[in-house]
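J.: I need the structure of the sequence given here:
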Amino acid sequence: MTQKNLFTFLIALSPIITVSCSDDDDEDLIGNWVRTSDFDGLARGEASSFSIGDKGYLVCGYDGSKSNTRLSDLWEYDMTTDAWTQKASFPGTARSNGTAFATDNKGYFGTGYDGENKLNDFWEYDPATNNWTRKADFPGSGRYDAVSFGVSGKGYIGAGYDGNYLKDFYSFNPATDTWTQIVSIGGSKRQGASSFVVDDIAYVCGGVNNGEYVDDFWKFDPAAGQWTQLRDIANTSDEDYDDDYSIVRMNASTFVIDGAAYLTCGESGGVRSDTWKYYPSTDLWEQVHDFKGSARTVAVSFSNGTRGYIATGKSGTYRFDDIWELHPYDYDPNDN
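T.: Numbering: from 1, shown residues only. Now for the predicted structure:
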């Protein structure tokens, strides 16, 4: 049976609903979330992030202020020293709900929403010089809640919402500062999808379309320029492997550790804390320990390939400034 839930844009105005597994069930799941050094900046949601080596970068977002003002600051998190450093502020229009990726040791950031306008400008950040440079505008329509990834020296942005749900995709070549429209993602249009990259293959899942959370799951091979559909992230088959799947959501956060992907938080009728591990070699998901911080959506994530973090986010009108690292091979000592 398809596990699609009715989406409501009024979630921020409703009482906070948390969706998770029971405490008893969670005690048997591997994974230990450890809180690290709180984010130095303003608590916020709807920020964007990218990772370069052992550094994670958080940019822009929305702190929920009554003035409806978006943010433009940039922060660097050092995974080795567990320390935050403020960097050169983003020089473009302050915004939330943009999208970011990294490739070839530089970060890229664009699209989003400034409180009035859907945006399509696009920028490069060089951590070596701490400078921002405006690049060729994203050629699709101005939009927010797009999804992006960097792979094999190029960046990709697609889907999102511009007043309509979208599924178009574009490739960015940093060497020539040019965009090329590529084949659209298959299946559903979607807003608020999630992505991750394992072994130079990109994966996209989740999101919402026309009031329903989408359950189709796709991978993109940049060498072939093709999308391939994978198994749904809901209980839609007649087989046993997906009987317990409860992965469908929007605005989830993802990271990769040791060749496996992790998806957590987000929202589907309420904010989520359940966490799932994906094995690309088998195209199967396994539930691991719930995210230990408050359930939330529109959080950011960092990863260097061997460590993964979740930071900031929101639940209803509340914004967060904490950051948590997943130790994927440990059990939570408080469960004993």
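J.: distance of Met250 from Asn130?
T.: Note on Met250: its distance to Asn130, by C-beta to C-beta, to the nearest Å, is 33 Å. In this view, the C-beta of every residue, glycine as well, is placed from N, C-alpha and C.
J.: Among those two, which residue is more densely surrounded?
T.: Neighbours were counted for Met250 and for Asn130 using other C-beta atoms under 10 Å; Met250 has more, 24 against 12.
J.: what about the more buried one, distance to Ala159?
T.: 11 Å.
J.: any residues in contact with both of those two?
T.: Common contacts of Met250 and Ala159, defined by C-beta atoms under 8 Å, 6 or more residues apart in numbering, comprise Arg190, Gln191, Ala193, Gly207.
J.: Glu212 is in contact with the first one, correct?
T.: No: in terms of C-beta atoms under 8 Å, Arg190 does not count as a neighbour of Glu212; the distance is 10.2 Å.
J.: And these two? Which one has more around it.
T.: The neighbour comparison of Arg190 against Glu212 (other C-beta under 10 Å) goes to Arg190, with 29 against 15.
J.: quick one: contacts for that one?
T.: Residues near Arg190 by C-beta under 8 Å, 6+ apart: Val147, Ala159, Tyr165, Leu166, Lys167, Gly206, Gly207, Val208, Asn209, Val214, Met250.
J.: Secondary structure, pLDDT and distance to Trp123 added to those, as JSON lines?
T.: Below are these laid out as JSON lines (DSSP: H, G, I helix; E, B strand; the rest coil; pLDDT from 0 to 100; distance: C-beta to C-beta, whole Å):
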{"residue": "Val147", "secondary structure": "strand", "pLDDT": "98", "distance to Trp123": "18"}
{"residue": "Ala159", "secondary structure": "strand", "pLDDT": "98", "distance to Trp123": "20"}
{"residue": "Tyr165", "secondary structure": "strand", "pLDDT": "98", "distance to Trp123": "25"}
{"residue": "Leu166", "secondary structure": "strand", "pLDDT": "98", "distance to Trp123": "21"}
{"residue": "Lys167", "secondary structure": "strand", "pLDDT": "98", "distance to Trp123": "24"}
{"residue": "Gly206", "secondary structure": "coil", "pLDDT": "98", "distance to Trp123": "26"}
{"residue": "Gly207", "secondary structure": "coil", "pLDDT": "98", "distance to Trp123": "24"}
{"residue": "Val208", "secondary structure": "strand", "pLDDT": "98", "distance to Trp123": "27"}
{"residue": "Asn209", "secondary structure": "strand", "pLDDT": "98", "distance to Trp123": "28"}
{"residue": "Val214", "secondary structure": "coil", "pLDDT": "98", "distance to Trp123": "29"}
{"residue": "Met250", "secondary structure": "strand", "pLDDT": "98", "distance to Trp123": "25"}
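J.: Return the entry from those residues with the maximum number of neighbours.
T.: Neighbour max across the contacts of Arg190 (other C-beta under 10 Å) = Gly207, 32 neighbours.
J.: Would you mind measuring from the residue lying closest to that one once chain neighbours are set aside to Tyr144?
T.: Leaving aside its sequence neighbours, Gly207 sits nearest to Arg190 (C-beta to C-beta, 6 or more residues apart in numbering; 3.1 Å). Using C-beta to C-beta, one gets 13 Å for the distance from Arg190 to Tyr144.
J.: do the same with Val198
T.: Val198 sits 26 Å away from Tyr144, going by C-beta to C-beta.
J.: neighbour-wise, which of these two wins?
T.: Per other C-beta under 10 Å, whichever of Val198 and Tyr144 has more neighbours is Tyr144, with 22 against 19.
J.: how about the strands of the stretch 51-200 of the chain, start to end?
T.: With DSSP state E, counting those that start in this stretch, the ranges of strands along the stretch 51-200 of the chain come out as 55-62, 70-78, 83-87, 99-103, 106-113, 118-126, 131-134, 147-151, 154-161, 165-173, 178-182, 194-198.
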